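Student: Curious how this folds, go ahead:
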Amino acid sequence: MQGRICAGRMPGVALSERGRGEAEAAAKRLIDRGIAAIYASPMERTQETAGIVGRQLTLPVSVLDDLAELDFGEWTGLTFDEVRKDPRWPEWATHRSLSCIPGGETMRAVQARVVEALMEMRREHPEDNVVVVSHGDVIRAALVFALGMPLDFYHRIEVATASLSTMRIDANGIRVIAINERVLTGG
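Tutor: Numbering: from 1, shown residues only. Below is the predicted model of the structure:
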């Protein structure tokens with residue numbers, strides 16, 4: 001969800017000036033981390049963020065559909081207040097592991113696709129650090145998987161815009177190193 005509306009996969013949703021500033025700040029924090037590749041969701045706002053990171057790191061951005069935002073189906077483009085009035089909202093809000101957004105996608109599907117994408121990145125870059133630019137719900141789905149938490153606990157993790165969360169996937173398994181690190185910018 002973006003701003004006051006459920007943007008989801010809506011086209012034409014770009015970063016604000018503040019969002020570009022936050023992306024610049026995050027990109028600067030990645031300069032000395034030995035990044036070998038950048039992967040991003042196909043959504044316009046993540047492409048814009050990934051482009052900022054790519055320019056800072058002088059790396060191209062690879063687009064992966066499996067990093068795309070959760071499909072909010074019928075709720076795409078509605079305000080938060082409108083979504084919360086939908087009688088199907090309480091089930092989705094409390095049981096994301098068992099429910100589906102009307103006309104949209106389940107969190108189980110989101111988690112399956114993002115975890116598979118992360119495993120593929122590890123196969124492609126077994127010893128390298130990579131940057132993944134995605135969306136809050138997708139990032140939370142990956143984090144709860146890595147932490148061994150049920151999907152219904154995903155709301156317990158804060159993922160702010162332009163924040164950095166770090167995971168390590170290697171022969172020893174998957175570990176979460178950091179969650180929601182960010183540099184606050186003015187505005």
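Student: Report the contact partners of Pro90.
Tutor: Pro90 makes no contacts at all, as judged by Cβ atoms under 8 Å, 6 or more residues apart in numbering. Any C-beta I mention is one placed from the backbone N, CA and C, and that applies to glycine too.
Student: Can you list the buried residues in the helix or strand harbouring it?
Tutor: Under the criterion of DSSP states H and E, Pro90 resides in helix 89-94. Under the neighbour-count criterion of 16 or more other Cβ atoms under 10 Å, helix 89-94 has 89, 92 buried.
Student: Quick check: mean pLDDT of it?
Tutor: Helix 89-94 carries an average pLDDT of 92.
Student: what's the next secondary structure element after it?
Tutor: Elements were assigned by DSSP H and E; along the chain past helix 89-94, the next helix or strand is helix 107-124.
Student: could you dump stretch 104-124 to CSV, C-alpha only?
Tutor: Coordinates of the C-alpha atoms in stretch 104-124 are reproduced here as CSV (Å, rounded to 0.1, in the frame of the first residue of the first chain):
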residue,chain,number,x,y,z
GLY,A,104,-5.8,-11.0,-5.9
GLU,A,105,-3.1,-13.1,-4.5
THR,A,106,-2.4,-15.1,-1.3
MET,A,107,0.5,-14.3,0.9
ARG,A,108,1.5,-18.0,0.5
ALA,A,109,1.9,-17.4,-3.2
VAL,A,110,3.9,-14.2,-2.6
GLN,A,111,6.2,-16.0,-0.1
ALA,A,112,6.7,-18.9,-2.5
ARG,A,113,7.7,-16.7,-5.4
VAL,A,114,10.0,-14.4,-3.4
VAL,A,115,11.8,-17.2,-1.7
GLU,A,116,12.3,-19.0,-5.0
ALA,A,117,13.7,-15.8,-6.5
LEU,A,118,16.1,-15.5,-3.5
MET,A,119,17.3,-19.1,-3.9
GLU,A,120,17.9,-18.5,-7.7
MET,A,121,19.9,-15.4,-6.8
ARG,A,122,22.0,-17.5,-4.5
ARG,A,123,22.6,-20.0,-7.2
GLU,A,124,23.6,-17.2,-9.6
